[in-house]
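[1] structure for this input, please:
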Amino acid sequence: MTEDWHLSKSVPITVLVTIAMQSLGLVWYVSTLDASVATNAREIARHEVRIIEIEKTSQLQEVMLGRIDENIKAIRMVIESRDRK
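    Purely as a prediction, here's the structure:
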């Protein structure tokens, strides 16, 4: 004998409404969370591109500073050799 499932009339309607509202709230929360995760993933990708560009710029500046340092050393040597004469 299989008995069909049914809801007892002793369950208040407020319990059913509360469960429905909580379910809707959970769906809303999960969808908002999913949107936030997607937004964060896009932002992380954008920041990764910017970081790569900043690293390239930093490396170029390092090379330029090395060249400037070598030029300053050469200028000092020229000035010191003139002062000795």
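
[2] drop to CA atoms for contacts and neighbour counts, all remaining ones
    OK.

[3] backbone dihedrals for Asp4, please?
    Dihedral angles of Asp4 (phi, psi; degrees, to the nearest 10) stand at phi -70, psi 150.

[4] go on, Lys9?
    phi -70, psi -10.

[5] what pLDDT does Trp28 get?
    According to the prediction, Trp28 has pLDDT 97.

[6] and it, how far is that from Ala38?
    15 Å (CA to CA, to the nearest Å).

[7] which residue ranges of the protein form helices?
    13-84 (DSSP state H).

[8] report the rounded mean pLDDT for stretch 14-24.
    Mean pLDDT, computed over stretch 14-24, is 95.

[9] gap between it and the chain center?
    Relative to its chain's centre, stretch 14-24 lies at 36 Å (CA atoms, centre = their mean, to the nearest Å).

[10] for that stretch, list every residue counted as buried.
    Buried residues in stretch 14-24, counted by 16 or more other CA atoms under 10 Å: none are found.

[11] can you list the residues that contact that stretch?
    Applying CA atoms under 8 Å, 6 or more residues apart in numbering, stretch 14-24 has no contact partners.

[12] then that stretch to CSV, C-alphas only?
    Listed next in CSV are the C-alpha coordinates belonging to stretch 14-24 (Å, rounded to 0.1, in the frame of the first residue of the first chain):
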residue,chain,number,x,y,z
THR,A,14,3.1,31.0,8.5
VAL,A,15,5.6,28.1,8.6
LEU,A,16,5.1,27.5,4.9
VAL,A,17,5.4,31.2,4.1
THR,A,18,8.6,31.4,6.2
ILE,A,19,10.1,28.5,4.4
ALA,A,20,9.2,29.9,1.0
MET,A,21,10.7,33.3,2.0
GLN,A,22,13.9,31.7,3.3
SER,A,23,14.2,29.8,0.1
LEU,A,24,13.8,32.9,-2.0
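
[13] give me the below-cutoff pLDDT ranges for the chain.
    Along the chain, the model assigns pLDDT under 70 to residues 1, 85.

[14] if we use 80, what do you get?
    Low-confidence segments of the chain (pLDDT under 80): 1-9, 11, 84-85.
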